[in-house]
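Student: With the sequence up front, the predicted model follows.
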Amino acid sequence: MAAAYDNRGIIKDRSEDYNGALKDYVKALGIDYEAVAGPGLGTVILNYKFKSSSVKERALYLNEQLQLPENERILKIEELYEGQVMHKPGKL
């Protein structure tokens, strides 16, 4: 279930629904912190070109940015999106 919330959070994040993404990331972390908090060794090796963005890191970053005035926020960083890895069903 945590993977589903993480994946939905990634979709919302890429659709620029940052508040919705943050809620889904927090829900995913609450359900199964260990499974979604960060990438495993296999993911790190397979995605060596880009630093994988963990759910925890992205949630903390979004929370921090959403506290700022709108004109000071930096929410969309294309390079980080490339590092976000969607979970496949049954792979947790």
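Tutor: Perfect, thanks for sending it. Residues are numbered from 1 along each chain as shown.
Student: how about low-confidence regions in the protein?
Tutor: 37-53, 79-92 (pLDDT under 70).
Student: All the helices of it, in order from the start?
Tutor: 2-14, 18-31, 33-36, 41-46, 55-66, 78-83 (DSSP state H).
Student: Compute the inter-axis angle for the longest one and helix 55-66.
Tutor: Here helix 18-31 runs at 140 degrees with respect to helix 55-66, directions being taken by axes from the mean of the first three to the mean of the last three CA atoms, to 10 degrees.
Student: got a markdown table for the helices of the chain, with distance to residue 72 and mean neighbour count too?
Tutor: For every residue, glycine as well, the C-beta is placed using N, CA and C. Formatted as a markdown table, those follow (distance: least, CB to CB, whole Å; neighbours: other CB atoms under 10 Å):
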| stretch | distance to residue 72 | mean neighbour count |
| --- | --- | --- |
| helix 2-14 | 19 | 20 |
| helix 18-31 | 14 | 19 |
| helix 33-36 | 29 | 16 |
| helix 41-46 | 32 | 10 |
| helix 55-66 | 8 | 17 |
| helix 78-83 | 18 | 13 |
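Student: and the residue nearest to residue 6 when sequence neighbours are not counted, what is it in contact with?
Tutor: Closest residue to residue 6 apart from its sequence neighbours, by CB to CB, 6 or more residues apart in numbering: residue 28 at 4.2 Å. Contacts of residue 28 were listed using CB atoms under 8 Å, 6 or more residues apart in numbering, and they are 2, 3, 4, 5, 6, 9, 36, 55.
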